[in-house]
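Student: I'll drop the sequence and a predicted model, then ask my questions.
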Amino acid sequence: MNLIVLYKEDIHDGVAEITGRKLEHILSFIKPSVGDTLRTGILNGLAGEGTVTDITDQKLTLTLSMYETPPDPLPLKLIIAMPRPKVLNRVIQHASSMGVKEIYIIKTWRVEKSYWETPMLEKENLHRQMITGLEQGKDTMLPKIEIRKRFKPFVEDELPSIVKGSMALAAHPAANSPCPRGADLPVTLAIGPEGGFIPYEINALQDTGFKPVSLGERILRVETAVPFLIGRLF
């Protein structure tokens, strides 16, 4: 935890009280003492420092000094086929820590139907994974996650406005063109399931302006492909 993300409702007159799961983590791993200064940030607000003024098993009290704006968001919109549920958490954390602020989780033909029944898609879990990513990346601005369970309506009705003004790329194992390096304009990046997009899907994406690109001869897991592609593009 490189930054303790606080909620506005936990702060009164410049003083924050931390309880619950976040307190357990701080006591177990940071192990602060009264007088220590911890990196803190307010969700969707400024970051700065919090000075520990009181510690008990039930509560940690910080006096706050907020003076820093969060890092600039990454100019990338991420569209990803629903991965295996256990992988989903890692993908959300990776993307959030790297500054992605707009994420679409979509249905494709090779996505197992059972994946959509996982409780990991519930808002509470997605929020928790985003916060974990923000704490890792020392960021405070919460991403937006949208879930789309119908491929065709999403591509035809929503995608044209999503990709407008950006370089649209679709990571696809069968593509002939390599993924570019060092993008000089905003990017909309689509990543399919580990088996790739089926021909109908890649054709539909191309009709919307996407260029299929390859990562090379190796086939990467989704949780590896996301940070690999982001690092290559930015």
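Tutor: Structure's in. What do you need?

Student: can you give me the strands in the chain?
Tutor: Along the chain, counting by DSSP state E, strands occupy 4-6, 11-12, 15-18, 37-42, 47-55, 60-68, 76-81, 102-106, 144-148, 167-171, 187-191, 211-213.

Student: in CSV, list the ones you listed along with distance to Q136 and mean neighbour count.
Tutor: C-beta coordinates here come from the backbone N, C-alpha and C atoms, glycine included. Shown next, in CSV, are the strands of the chain (distance: least, Cβ to Cβ, whole Å; neighbours: other Cβ atoms under 10 Å):
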stretch, distance to Q136, mean neighbour count
strand 4-6, 10, 22
strand 11-12, 22, 14
strand 15-18, 18, 18
strand 37-42, 12, 19
strand 47-55, 14, 17
strand 60-68, 17, 17
strand 76-81, 17, 24
strand 102-106, 16, 21
strand 144-148, 17, 15
strand 167-171, 23, 23
strand 187-191, 20, 24
strand 211-213, 27, 19
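
Student: which one of those lies nearest to W116?
Tutor: For these, the distance to W116 is smallest for strand 144-148, at 8.7 Å, taking Cβ to Cβ.

Student: for that closest one, which strands pair with it and how are they oriented?
Tutor: Strand 144-148 has its sheet partners listed here by DSSP bridges as strand 102-106 (parallel).

Student: which strands and helices lie in contact with the lengthiest helix in the chain?
Tutor: If you go by DSSP state H, the chain has its longest helix at helix 123-137. Where contact means 3 or more Cβ pairs under 8 Å, 6 or more residues apart in numbering; DSSP states H and E, helix 123-137 is packed against strand 4-6, helix 85-97.

Student: one step back: so which of the strands of the chain gets nearest I219?
Tutor: Going by Cβ to Cβ, the one of the strands of the chain nearest I219 is strand 167-171, 10.7 Å.

Student: hmm, who's touching that closest one?
Tutor: Contacts to strand 167-171, defined as Cβ atoms under 8 Å, 6 or more residues apart in numbering, come from residues 179-180, 183, 185-192, 197, 202, 205-206, 208-215, 225, 229, 233.

Student: try it again with 6 Å
Tutor: 185, 187-191, 205, 209-213 (Cβ atoms under 6 Å, 6 or more residues apart in numbering).

Student: now tabulate those in a markdown table and tack on distance to E9 and pLDDT.
Tutor: Shown next, in a markdown table, are the contacts of strand 167-171 (distance: Cβ to Cβ, whole Å; pLDDT from 0 to 100):
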| residue | distance to E9 | pLDDT |
| --- | --- | --- |
| L185 | 38 | 93 |
| V187 | 35 | 98 |
| T188 | 34 | 98 |
| L189 | 34 | 98 |
| A190 | 37 | 98 |
| I191 | 35 | 96 |
| L205 | 41 | 98 |
| G209 | 42 | 96 |
| F210 | 41 | 97 |
| K211 | 45 | 97 |
| P212 | 46 | 96 |
| V213 | 44 | 95 |
